[in-house]
Every structure is written in C-alpha cells, then in structure tokens.
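Colleague: whatever this is, show me its structure:
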Amino acid sequence: MAARLCVILVVCVIGGCTGQDSPETRFDDYLARLARTLDTPRPSPSAPVARAYPDKRRLQRPVETPRTGWIGLFELHRCGLVNLVSERNSILGRVAPAHQRLAYESQLLAGLTRCRKELSAEAATADPDFVDRLDTLIARKRDAVPRIFWNRTLGGDAVIHVFSLAGRPPGLTPTASGRATRQAIGALASAGDALARGDRLDADTLAGFYRTLEASTYGGQLQIAAIRAIQSLDSATAMLTERMARRPICFNQRPNRRGRTLQTILLEVYGPEVQSYLADLVRAGHQWRAAVDRLVDAQRTPVPASFRTYWQATLATDSGLWPRLNTAIEDHTRQWQTLLGDCGLMPGS
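Modeller: Now for the predicted structure:
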C-alpha cells in the first residue's frame, strides 16, 4: 500500500497533479468537453483588449498651494497652528505620503476656519488686515483642497497600483477577494466627503486604507477576469452555433445520445462550475463599480479626460466591458435554450 502511494505521488509530481481549481481550469474543462461532444474545433474569438489605467503624469491636476508664511508667525500662534505648519514645512513634511498630506490639509483648513470664527466673535478688537489675509488664505485653501484630494486618490500612486494589470488574479470568489480593497476605496470616498464638510481627518486611520490599496491590484485583475470570461463564453457559443448550423443535434425534438451528453455537460459542468463563478464575477463587477463611482462622486474637481475615457471603457454600466460580459452570458444562455428545445430537453418538455 505504501509503495503504491509513493508511485501515485511520483506520478503526480512528474505530471503536475496540482489539483488547483481556478476560473481558467473550469473554462478549459467546459470548452474541452463541448469541443469533444460537438466534434467541433475550439475557436479563438476576439476579446476586449485590457485597458491600462492612465499614467500619473496624465492624471495629476496642477495645484497652486497657498502658503501660510505670509500671515505671520504671531498670527499663526494666535490660531494655534504654529506646530502643525512647522511640521508641514519641515524636510519630512514636504515629502509626506498621501495620507499625511490629506490629514494635514484637513487639520489646517479646520484650524483656520475655527480661528476665523473666533475672530468674528472679537470683531471689535480683531486686526482687519489679518482678518482679510486669513479670509484670502481660507478661500485659496478651499480651492486647492479638491485638486490635492484628486491627486492623492484617483490620481495618486496607491489607486494607480490597484488598477495595475500585473498581479494576483481574484480567483473563484472575486466578490470576497475584493472586499478589503472596496472598503479602502469607500474610506477614501468618505474622507473626500469629510474634507468637503471641513472635518478633520486622522492620518493613522487613512494610513491603514492606503496600505491596503498599495498591496492590491484588484481593479486591474477584475478587468482581466471579465475579459477572459467573455472570450471563453464567446468560444463556447461559437462552437454551439457552428455545430447546430452545420447539422442539427437532434431531429423532431427527440433527444439522442449526443443531446443527452450535452445536457449533462450543461447541468453538471456549466451550471455548478462555470455559471456559479460567472454569477459571482458579475456581482463583484457591480460592487467594484459602485465603490469606484462613489470615490468619483466624492471629487469636487473635474476629472481629467484620460480617466473619463478609462472609466467609460472599464467601469461604466451602460457601455464597455461589463455590458459586454452580460451580453456574452445572455448569448450563451440563448444558444443553450435553442439546443435543448431542438432536443426536447427543455424543462417541462
């Protein structure tokens, strides 16, 4: 018994018996069974081309960063902002990562706004020149913050990495595998809303979400998964269409051996193996688009044309990749219904 087990193990190592289950292996098995039963070669239909996310140079928005120095050290001290501004102006502050920059901008704007309200309560003694300079600074900061937020989110390194086409595939459960990335994208959207309200952001909390995004390529890999599903479905549909056009599978709606074999493939391979994965992939695509759309809606500045083009091709609901996947699924389902009807194998027949 032990000797036989050793032989099996050696054969598996030499033959590559990994037992790994994946969308690719499921599609390959399904297509191979169809090709063999239909006696039809497997075609290679064209599929959508994977779209690369725009590079950073095309995404970044110019920002005129208003400086606080010309208000004066004494006035900043009165506003309680000396330490915050000093940290920002230090060598480390100038190269601060995205989460620290967003937190700084939120804290500075909140501090300036609070200071202005306090001065309003002291209108009789407030220095009018200082009040004017403070109002100007607040207005310029409010104008700059939306561009800074864009540059640190959809135009920044972390989110660009999420849409990379190089990385680990989302596997057989793309909805579950994208949960952390969706949550991080949603957190950035909430941060954008908080900035618009003038709330303070916590740098440590943001840092955790940015780490999640920097370690993820979920957006790009989900796009690739959808493209591969489209290509496999189109191949299967083409095989069914070609075989049925060349010669009917069944005659007079009477099932035969080939028809019953195909029904078995449908019920035992396509349904539990392929269709279940496709349902999860479609659900994952819907949830991912909703998360990204929320981050887009949190922007208070016009998005660059390069991003809009990418979004239309890969993230839109009414055009591009995901409607194309829905069409591939519907076409494949319709072809199976025709075949089962021709063989009298439709439920209720």
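
Colleague: I'd like the average pLDDT over stretch 21-34.
Modeller: Average pLDDT, stretch 21-34: 97.

Colleague: that stretch: how far from the chain's middle?
Modeller: 25 Å (C-alpha atoms, centre = their mean, to the nearest Å).

Colleague: neighbouring contacts of it?
Modeller: By C-beta atoms under 8 Å, 6 or more residues apart in numbering, the surrounding residues in contact with stretch 21-34 are 40, 42, 169, 171-172, 225, 228-229, 232, 235-236, 239-240, 262, 265, 269-270, 273-274, 277, 281. Heads up, the C-betas are built off the backbone N, CA and C, glycines and all.

Colleague: please check those residues and keep the buried ones.
Modeller: Buried members of the contacts of stretch 21-34, scored by 16 or more other C-beta atoms under 10 Å, are 40, 42, 169, 172, 225, 228-229, 232, 235-236, 239-240, 262, 265, 269-270, 273-274, 277, 281.

Colleague: so which of these are in helices?
Modeller: Mapping those onto helices (DSSP state H) picks out 225, 228, 229, 232, 235, 236, 239, 240, 262, 265, 277, 281.

Colleague: my read is residue 300 is in a strand, agree?
Modeller: No. According to DSSP: H, G, I helix; E, B strand; the rest coil, residue 300 belongs to no strand; its state is coil.

Colleague: burial of it, as a residue count?
Modeller: Residues near residue 300, counting by other C-beta atoms under 10 Å, number 16.

Colleague: how about it: what's its closest non-neighbour residue?
Modeller: Leaving out its chain neighbours, the residue that sits closest to residue 300 by C-beta to C-beta, 6 or more residues apart in numbering is residue 146, at 3.8 Å.

Colleague: point out where the stretch 101-250 of the chain drops to low pLDDT.
Modeller: Filtered on pLDDT under 70, the stretch 101-250 of the chain yields the residue ranges 123-125.

Colleague: where does the residue positioned nearest the centre of the chain land in three-state SS?
Modeller: The centroid of the chain falls nearest to residue 219 when counting by C-alpha atoms, centre = their mean (3.2 Å). Following three-state DSSP, the label given to residue 219 is helix.

Colleague: mind checking how far it is from residue 330?
Modeller: Residue 219 sits 25 Å away from residue 330, going by C-beta to C-beta, to the nearest Å.

Colleague: residue 274 now?
Modeller: Counting by C-beta to C-beta, the gap from residue 274 to residue 330 is 15 Å.

Colleague: one more: residue 139?
Modeller: For residue 139, the distance to residue 330 - C-beta to C-beta - is 53 Å.

Colleague: quick revisit: quick one: the residue nearest to residue 300 is in a strand?
Modeller: No. Going by three-state DSSP, the assignment for residue 146 is helix, not a strand.

Colleague: surely it meets residue 303?
Modeller: No. Residue 146 is not in contact with residue 303 according to C-beta atoms under 8 Å; the separation is 10.8 Å.

Colleague: of the two, which one has the most company?
Modeller: The neighbour comparison of residue 146 against residue 303 (other C-beta under 10 Å) goes to residue 146, with 19 against 15.

Colleague: for the more buried one, which residues are in contact?
Modeller: 195, 196, 299, 300, 301.

Colleague: rerun that using 7 Å as the cut-off
Modeller: 299, 300, 301 (C-beta atoms under 7 Å, 6 or more residues apart in numbering).

Colleague: again with residue 331
Modeller: Residues in contact with residue 331, defined by C-beta under 7 Å, 6+ apart, are residue 237.

Colleague: quick one: buried residues of the helix or strand containing it?
Modeller: Using DSSP states H and E, residue 331 sits within helix 321-342. The neighbour-count check on helix 321-342 (16+ other C-beta under 10 Å) flags 321, 322, 325, 328, 329, 331, 332, 335, 336, 339, 340, 342 as buried.

Colleague: one more: stretch 178-187?
Modeller: 178, 181, 182, 184, 185, 186, 187.

Colleague: OK, contacts around the last one?
Modeller: By that I understand residue 187. Contacts of residue 187 by C-beta under 7 Å, 6+ apart are residue 209.

Colleague: quick one: it and residue 264, what's the gap?
Modeller: Residue 187 is 47 Å from residue 264, where distance means C-beta to C-beta.

Colleague: nearest spatial neighbour of the residue nearest to the centre of the chain, skipping sequence neighbours?
Modeller: In space, residue 219 is closest to residue 163, 4.1 Å off (C-beta to C-beta, 6+ apart).

Colleague: and that neighbour, how many residues sit next to it?
Modeller: 24.

Colleague: repeat for residue 290
Modeller: For residue 290, the neighbour count with other C-beta under 10 Å is 14.
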